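Asks: Model the following, please.
(2 chains)
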Amino acid sequence: MSVTLLIEQLLNGVQLGTMLFLMASGLTLVFGVMGLINLAHGSFYMVGAYATATVTASTGSFLLGLGAGIAAAALVGALVELLVIRRLYHRPHLDQVLATFALILIFSEGTRWIFGSSPLWLSPPSWLTGFVTLPGDTRYPIYRLVLIGMGIAISIALYLLISRTRLGMRIRAGESDREMIGALGVNISKLYTLVFALGAGLAGLAGALVGALQSVQVGMGEPVLILAFVVIVIGGIGSIKGALLGALLVGIVDTLGRVYLPIFFQAFMPPSEATGVGSALAAMLIYILMAVILAFKPKGLFSAHD
Amino acid sequence: MKQITRLGLGLLLSSSLVTAHADDVKIGMITTLSGGGSHLGVDVRDGFMLALEQSGRDDVEVLIQDDARRPDLARSLSNEFMQRDKVDILTGIIWSNLAMAVVPSVVRQGTFYLSPNAGPSDLAGRMCHENYFNVAYQNDNLHGAMGAYMRKEGYEHPIIMAPNYPAGTDALAGFKHLYEGEVVGELYTQMGQTDYAAEIAQIRDSDADSLFFFLPGGMGISFMKQWESSGVEMPIFGAAFSFDEILIKAVGSAAIGARNTSLWAYDLENEANDRFVEGFQATYSRMPTLYAAQGYDTANLILSALETAHPDDKDAFREALRAADFDSVRGEFRFGPNQHPIQDIYVREVVEGDDGEPTNRLMGIAVEDIQDVYFEQCQM
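Replies: From the prediction side, this is the model:
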């Protein structure tokens, strides 16, 4: 077991974490500001990926596609907020879950109807393919490094947006007291639409970036959505800082668990059994992590509503 | 679209008209036409219908239903087909877990079942049945053939990888059975996993000289794309399930150079195959996959048996099926004692086609006359 493998796996963990953060930040904002559980967040991820794949295929430019993906996801997010979500704010969480689950089905079947059920082709542009050699002779794909860089840049931008701008001030105010900010004369419905579109746009960006690495297909958002929920529960619902920390934690624990658990079990088991047990346990690892954290900090690492 | 409308119309008509002749043959097809992996079901159906159309027979009626890849739905559809529609033959199921839910009870009740894809080991071995015929492959065949091929080509240290679920562990077991050597590592991934960075790093870190993997559907697409940009230089091998004509188009250039085993290739030279590939392209304007070939062969097997007997005469019809007296698109085809195919498995390489898109090219035969290892457990 070499050091280069460990470094590479740590990078992989961070890369997974930053992409999870893009998903989780929108989810946690929407929950923190509006008190809404949005299961359809994974659909925005899918919309972003499909829009990017379509525009990239017709224009040949990945960057244009990426812009289109973010715009499409944000636009769809705003529309969904105006048409559906708006009616759910005062409903119990169970109604919200039911309605947004219906949205998942509508988006999935709608996408299948328009694009068919075969996966779409989307790859990183040629100037981002290939790998770089890091110190210690680790080869690492350029595209994954770019993803890490973008994740960090967006985290900083989000931090500045929330701590330094008027919009951010309102978001923070909304998080701490929803009724009061409305009473103070802030146009709350415009703020809600804006926050929802922002979250959807970030999910769309994540979908587009990851779609180029994996595959663009119907239902691609749901597995990520589950992880993103784990992230915001660990981080503390409503907290951006918590989402960032939770995302990195989940990314690194998941990646390292997948690699080192089977190896760990090989120390005292026959190889084929060890890989089976190790992989099975690795699949549960982040949920065990979540349970442990919740046992000590029931509201997550950084709760917005203390 | 026109095709679908026509099929839909056919369905409506067939279920509302009860005027069918007494000696007409009714076939029920349960297959996956929606949800993940629906391109498999669509191709089986299209291949099957093409064969019927080419035969020009109008006394064979096909009822088609979508199982949405759900075992419970497949099971209730099979009951409907048998009790309400009184079908003579059932076919169409793509997935092994669905086949296990449906086939045993169907064949026990005296209806014939012909599998155009799934070939779980239980149905080839201890649960085999005289009314069950597999026209595609036993699940191990393609993986085992690749093991034998890699051995023959002199790869000494393969690393092998599959998702951690029954068909995945079976695939690796099948591979090892015919590889007959030490593998340097076995990696089990999660079902539906989309990020393979961790596995790729492990493969790079190992001393392997080659990689064999079984990652059906979207999993394979994700893996291949990430593999390409990882800079690992190692020949890759797999079964055709990760390299059908539709999937490799979604993978793009990353698939080029991969070798895969298949029971059929579109550039296989024989008369039946020419007729099939040309007919398929003309009718559906796309390249057929191996699933379409299996659907086509299934229909032609049924048609050949109908020449000698009607399914009402069960013993005679069964004998006629066993004879497998039809021109298979994959060349020679015959049944073993457990009514599973004994056939040649081919190796194909993914190359850049004339249109710049990746496509499969036939390289040769991996294993001649491959037979599953379960037939000895079958007591019929």
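
Asks: So what's the residue count around residue 121?
Replies: In the absence of a named chain, this looks at chain A. By the criterion of other C-beta atoms under 10 Å in any protein chain shown, residue A:121 has 18 neighbours. In short, each C-beta sits where N, CA and C put it, glycine included.

Asks: Please refer instead to chain B.
Replies: Burial of residue B:121 is recorded as 20 neighbouring residues (other C-beta under 10 Å).

Asks: now do residue A:133
Replies: So residue A:133, with other C-beta under 10 Å, has 10 neighbours.

Asks: cool, and residue B:342?
Replies: Number of residues near residue B:342 (other C-beta under 10 Å) recorded here: 18.

Asks: If it is in a bridge, with which residues?
Replies: On the basis of DSSP bridges, residue B:342 is bridged to residue B:334.

Asks: need the contact list for it.
Replies: Residue B:342 makes contact with B:334, B:335, B:336, B:369, B:370, B:371, according to C-beta atoms under 8 Å, 6 or more residues apart in numbering or on different chains.

Asks: Weed out the non-buried ones from the residues you listed.
Replies: B:335, B:336, B:370, B:371 (16 or more other C-beta atoms under 10 Å in any protein chain shown).

Asks: Those residues in strands, which ones?
Replies: B:335, B:370 (DSSP state E).

Asks: Go through the contacts of residue B:342 and name the one nearest residue B:224.
Replies: Distance ranking of the contacts of residue B:342 against residue B:224, using C-beta to C-beta, places residue B:370 first at 25.9 Å.

Asks: Buried residues of the helix or strand containing residue A:148, list them for me.
Replies: Element membership for residue A:148 (DSSP states H and E) is helix A:142-164. Under the neighbour-count criterion of 16+ other C-beta under 10 Å, helix A:142-164 has A:142, A:143, A:144, A:145, A:147, A:148, A:150, A:151, A:154, A:155, A:158, A:162 buried.

Asks: just checking, the second one touches residue A:128?
Replies: Yes: Residue A:143 sits in contact with residue A:128 when judged by C-beta atoms under 8 Å, with a separation of 4.8 Å.

Asks: Tell me which stretches of the stretch 1-150 of chain A form helices.
Replies: Here the stretch 1-150 of chain A has its helices, by DSSP state H, counting those that start in this stretch, at A:3-34, A:41-59, A:62-83, A:93-115, A:142-164.

Asks: Look up how far residue B:281 lies from the spatially most central residue of chain B.
Replies: For chain B, residue B:117 is the residue whose C-alpha lies nearest the centre (C-alpha atoms, centre = their mean; 3.4 Å). As defined by C-beta to C-beta, to the nearest Å, residue B:117 lies at a distance of 21 Å from residue B:281.

Asks: sorry, back to before: the helix holding residue A:148 - contacts with which helices or strands?
Replies: Here helix A:142-164 is seen to pack against helix A:3-34, strand A:131-134, helix A:166-176, helix A:188-213, helix A:240-265 when contacts are counted using 3 or more C-beta pairs under 8 Å, 6 or more residues apart in numbering or on different chains; DSSP states H and E.

Asks: Nearest to residue B:288, out of these?
Replies: Nearest to residue B:288 among those is helix A:188-213; the distance by C-beta to C-beta comes to 27.9 Å.

Asks: Is there proximity between that closest one and chain B?
Replies: Yes: contact of helix A:188-213 with chain B is found when judged by C-beta under 8 Å from any C-beta of the partner chain, involving A:210, A:212, A:213.

Asks: tally of neighbours for the second one?
Replies: It stands for residue A:212. Applying other C-beta under 10 Å, we find 28 residues neighbouring residue A:212.

Asks: Chain B against chain A: which residues are in contact?
Replies: If contacts are counted using C-beta under 8 Å from any C-beta, the residues of chain B sitting beside chain A are B:34-36, B:38-39, B:164, B:169, B:186-190, B:192, B:194-195, B:197-199, B:201-202, B:204-205, B:218, B:221-222, B:225-226, B:228-232, B:246-247, B:249-254.

Asks: Where do the helices of chain B begin and end?
Replies: B:2-16, B:38-55, B:71-83, B:96-108, B:121-124, B:141-152, B:166-179, B:197-205, B:218-228, B:245-251, B:271-284, B:290-308, B:314-323 (DSSP state H).

Asks: What residues of the shortest one count as buried?
Replies: It refers to helix B:121-124. Within helix B:121-124, the residues that count as buried by 16+ other C-beta under 10 Å are B:121, B:123, B:124.

Asks: which among the residues you listed gets closest to chain A?
Replies: Of all the buried residues of helix B:121-124, the one sitting nearest chain A is residue B:121; the distance, using C-beta to the nearest C-beta, is 17.7 Å.

Asks: where in the stretch 151-300 of chain A is pLDDT low?
Replies: Counting by pLDDT under 70, the stretch 151-300 of chain A contains low-confidence residues at A:272.

Asks: switch the cut-off to 80
Replies: For the stretch 151-300 of chain A, residues meeting the criterion pLDDT under 80 lie at A:175-178, A:270-276.

Asks: again, but for chain B
Replies: Residues of chain B that meet the criterion pLDDT under 80 lie in B:1-23, B:34-37, B:165-166, B:191-192, B:217-218.

Asks: Smallest gap between the stretch 1-150 of chain B and chain A, at which residue?
Replies: For the stretch 1-150 of chain B, C-beta to the nearest C-beta, closest residue to chain A: residue B:38, 4.6 Å.

Asks: And the closest residue to that residue other than its chain neighbours, how close does it get to residue A:37?
Replies: Nearest-residue entry for residue B:38: residue A:117, 4.6 Å, with adjacent residues in sequence omitted and distances by C-beta to C-beta, 6 or more residues apart in numbering or on different chains. Residue A:117 is 29 Å from residue A:37, where distance means C-beta to C-beta.

Asks: So which residues on the stretch 1-150 of chain A come close to chain B?
Replies: Remark: the part of the stretch 1-150 of chain A in contact with chain B comprises A:1-2, A:4-5, A:8-9, A:12, A:15-16, A:112, A:117-121, A:123-124, A:129-131, A:139, A:141-144, using C-beta under 8 Å from any C-beta.

Asks: Same list, the helices of the stretch 1-150 of chain A, but as TSV with distance to residue B:93 please.
Replies: As requested, the helices of the stretch 1-150 of chain A are arranged in TSV below (distance: least, C-beta to C-beta, whole Å):
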stretch	distance to residue B:93
helix A:3-34	36
helix A:41-59	29
helix A:62-83	37
helix A:93-115	21
helix A:142-164	39
